[in-house]
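**Student:** I'll drop the sequence and a predicted model, then ask my questions.
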Amino acid sequence: MREVIAQEQPRSRWYWIGPVCGFAGLAGATHSLAGGRTAMVLFIGFFAVLLTLMLVELFAPVDRRQVIATDERLFVGRWWRVVSIARQDVRAVRGDVPNRPTWSDRVIVEHVGGELTLGRYEQPPAVVIQRLQEWAGVGERPNGPA
């Protein structure tokens with residue numbers, strides 16, 4: 001069994017503001033480059049590199065971070081690595097507001113090695129908490145009722 005419990009929210013449309021403003025700024029700076037001033041040339045070069053990086057990041061096929069449950073392990077995708085927790089090591093799953101999963105902004109997974117706070121996902125925290133509690137067979141408190 002491999003089940004995607006939660007996945008990262010897609011990028012907002014506001015994310016396009018950076019490249020759009022970048023093109024406008026680059027065009028304006030290039031237009032004002034009349035005398036070939038060194039500072040202006042360096043500024044335009046820096047701005048062009050920054051704009052290129054923004055566009056590459058915007059259009060690059062990036063995997064969205066996910067929380068995946070298998071029969072034996074929970075995999076939580078982070079920006080720099082994937083955290084793996086064995087099912088039997090999970091002691092509790094709760095929200096950041098005790099006893100109020102619908103009020104919570106974050107999901108906290110308590111395990112043998114400590115706590116893991118999950119990021120924000122498309123699914124509401126209350127749904128993620130319930131699914132993870134059912135998957136692990138635990139409640140909000142270690143060795144407590146659901």
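**Tutor:** Ah, there it is.

**Student:** shaky segments in the protein?
**Tutor:** 10-15, 31-36, 39, 60-64, 79, 143-146 (pLDDT under 70).

**Student:** how does it look with 50?
**Tutor:** Applying pLDDT under 50 to the chain flags the ranges 146.

**Student:** please enumerate the helices of this protein.
**Tutor:** 17-32, 38-59, 125-136 (DSSP state H).

**Student:** need those helices in JSON lines (columns: distance to I85 and mean neighbour count).
**Tutor:** To be clear about C-beta, it is placed using only N, CA and C from the backbone, and glycine gets the same treatment. JSON lines is the format used below for these (distance: least, Cβ to Cβ, whole Å; neighbours: other Cβ atoms under 10 Å):
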{"stretch": "helix 17-32", "distance to I85": "35", "mean neighbour count": "12"}
{"stretch": "helix 38-59", "distance to I85": "29", "mean neighbour count": "12"}
{"stretch": "helix 125-136", "distance to I85": "9", "mean neighbour count": "18"}
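
**Student:** okay, the ones you listed in TSV with distance to Q9 next?
**Tutor:** Output for the helices of the chain, formatted as TSV (distance: least, Cβ to Cβ, whole Å):
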stretch	distance to Q9
helix 17-32	17
helix 38-59	16
helix 125-136	13
